[in-house]
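Participant: A predicted structure for the sequence below; I have some questions about it.
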Amino acid sequence: MASFATGSLSIPKQKLEPWLGKIKSGSAVAELSTPTPMTYGEGETWTFDIGEAEYVGEGAQKGASTITPTTKTIKPFKFHKTLRFNEEVLWADEDRQLEVVDEILDLIQPALSRALDFGVFHEINPASGAVVTAMNGGLTDTTNLVEYAAADKPYVSLDAADALVLADGYVPRDIALDPAYAAKFSALRGTNSEQKLYPNFRLGVETSELEGHRASVSNTVRGLGVLATDTKVLGFVGNFDAIRWGVQKSLGLEVIKYGDPDGGGDLKRNNQIAFRAEVVYGWGVADLNAFAKIHDLV
């Protein structure tokens, strides 16, 4: 591995591929949907409705089959994380430099993974919590809304969300939950029993089972403390394969030794260096009717 220098740093393949795999461990979107290989730039995805097969009687003619295509624009969105360290981290041999790369990737991975959720769910810049106009069409824009009632069991609002998605012709197989909402399911016990009502449900991003849904629990669902305006979203229910997303440009890691790259003051004056990581995601939602939003308006 070459010595650190100002400019792009080539991350060894054995480091990069596991990092990209870790996106799943920090993102509910990545847990519940399948990534699509993408090239950089704006593009389109297509879905096709070909209807049902036609019965052909003996000696009868075959009719025409109709195809109804639906297109969805996929847009690229770049996220970065810039970290400052004392310049002493450069005073290392080649083996130590590989360890530094590991440490840096471990530090930035959670933030860049959560960024995918904040964009797809809420259309925001995670650093400021403000809405990004270019990210139009996130799950928060669905018109299928269910209000959570504190007096009801939590599955009441989940059932209502399922009904809305089903009414629009989709199967609500997935749910992303805010931890506070998820905890209400986890706390439920059977009648006159200490047995958990949902023993296979786990309070974590990794996929588990809840009421017949593939479930992922993440604080990105509500984004409390991140969103500039609290939307009080408790869950997104639907078919997460309607989300088309992928990594358009592999992670780049830049070593910056001069200047003020993040507004934190001159690097040389402070005896610091900065490491900047960037990743470009592309995403689009095929149909917002495939989702319903559960929120608490109280």
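Facilitator: Structure's in. What do you need?

Participant: residues near Arg222, how many?
Facilitator: By other C-beta atoms under 10 Å, the residues close to Arg222 number 24. Where you see a C-beta, it was placed from the backbone N, CA and C, and this is true even at glycine.

Participant: Kindly report the same for Lys75.
Facilitator: Using other C-beta under 10 Å, Lys75 has 17 neighbouring residues.

Participant: what secondary structure does it sit in?
Facilitator: Following DSSP: H, G, I helix; E, B strand; the rest coil, Lys75 is assigned to strand.

Participant: wait, what's in contact with it?
Facilitator: The contact partners of Lys75, by C-beta atoms under 8 Å, 6 or more residues apart in numbering, come to 42, 134-135, 282-284.

Participant: Closest to Gly119 out of the residues you listed?
Facilitator: Using C-beta to C-beta, Met135 comes nearest to Gly119 of the contacts of Lys75, at 5.4 Å.

Participant: Please identify the helix or strand for the closest one.
Facilitator: Secondary structure assignment for Met135, by DSSP states H and E: no helix or strand.

Participant: per-residue pLDDT, the closest residue to it other than its chain neighbours?
Facilitator: Ranked by C-beta to C-beta, 6 or more residues apart in numbering and with sequence neighbours excluded, the top spatial neighbour of Met135 is Glu123, at 3.8 Å. The predicted local distance difference test score for Glu123 is 94.

Participant: Where does pLDDT dip in the stretch 151-298 of the chain?
Facilitator: For the stretch 151-298 of the chain, applying pLDDT under 70 flags the ranges 250-252.

Participant: Relative to Val131, how far out is the residue nearest to Met135?
Facilitator: 5 Å (C-beta to C-beta, to the nearest Å).

Participant: Where does pLDDT dip in the stretch 1-150 of the chain?
Facilitator: In the stretch 1-150 of the chain (pLDDT under 70), the answer is 1-22, 24, 37-57, 59, 61-74, 87-98.

Participant: Could you pull out the strands in it for me?
Facilitator: Taking DSSP state E, counting those that start in this stretch to define them, one finds strands in the stretch 1-150 of the chain at 7-9, 43-49, 68-86, 145-147.

Participant: Mark which of the contacts of Lys75 are buried, thanks.
Facilitator: With neighbours counted by 16 or more other C-beta atoms under 10 Å, the contacts of Lys75 contain buried members at 135, 282-284.

Participant: Out of these, the closest to Val298 would be?
Facilitator: The closest of those to Val298 turns out to be Met135 (C-beta to C-beta; 27.8 Å).

Participant: of all the contacts of Lys75, which comes closest to Asp266?
Facilitator: Closest to Asp266, out of all of these and judged by C-beta to C-beta, is Ala134, at 32.1 Å.

Participant: contacting residues for that closest one?
Facilitator: Listed by C-beta under 8 Å, 6+ apart, the contact set of Ala134 reads 75, 77.

Participant: Can you read off the backbone torsions of it?
Facilitator: Backbone torsions for Ala134, taken as degrees, to the nearest 10, come to phi -70, psi -20.

Participant: Kindly report the same for Gln248.
Facilitator: phi -80, psi -30.

Participant: count of neighbours near it?
Facilitator: 22.

Participant: Tell me where the protein has helices.
Facilitator: Along the chain, counting by DSSP state H, helices occupy 13-26, 28-32, 94-117, 154-167, 179-186.

Participant: Which strands and helices lie in contact with the second one?
Facilitator: Right, helix 28-32. In terms of contacts (3 or more C-beta pairs under 8 Å, 6 or more residues apart in numbering; DSSP states H and E), helix 28-32 is packed against helix 13-26, helix 94-117, strand 174-177, strand 213-217, strand 243-256.

Participant: sorry, back to before: and the two most separated of the buried ones among the contacts of Lys75?
Facilitator: The widest separation within those (C-beta to C-beta) is 11.6 Å, between Met135 and Gly282.

Participant: So for the two, which residues contact both of them?
Facilitator: 75, 77.

Participant: can you tell me how far Asp106 sits from Asn289?
Facilitator: Relative to Asn289, and taking C-beta to C-beta, Asp106 is found at 39 Å.

Participant: Those two: which is more packed in?
Facilitator: Taking other C-beta under 10 Å, Asp106 and Asn289 do not tie; Asn289 has more neighbours (18 against 11).

Participant: Count the residues that sit near the nearest residue to the more buried one once chain neighbours are set aside.
Facilitator: The spatial neighbour of Asn289 that comes closest, neighbours along the chain excluded (C-beta to C-beta, 6+ apart), is Asp168 at 3.9 Å. Neighbourhood size, Asp168 [other C-beta under 10 Å]: 17.

Participant: next one: Asn144
Facilitator: Neighbours of Asn144 (other C-beta under 10 Å): 23.

Participant: Right, I'll call it a day here.
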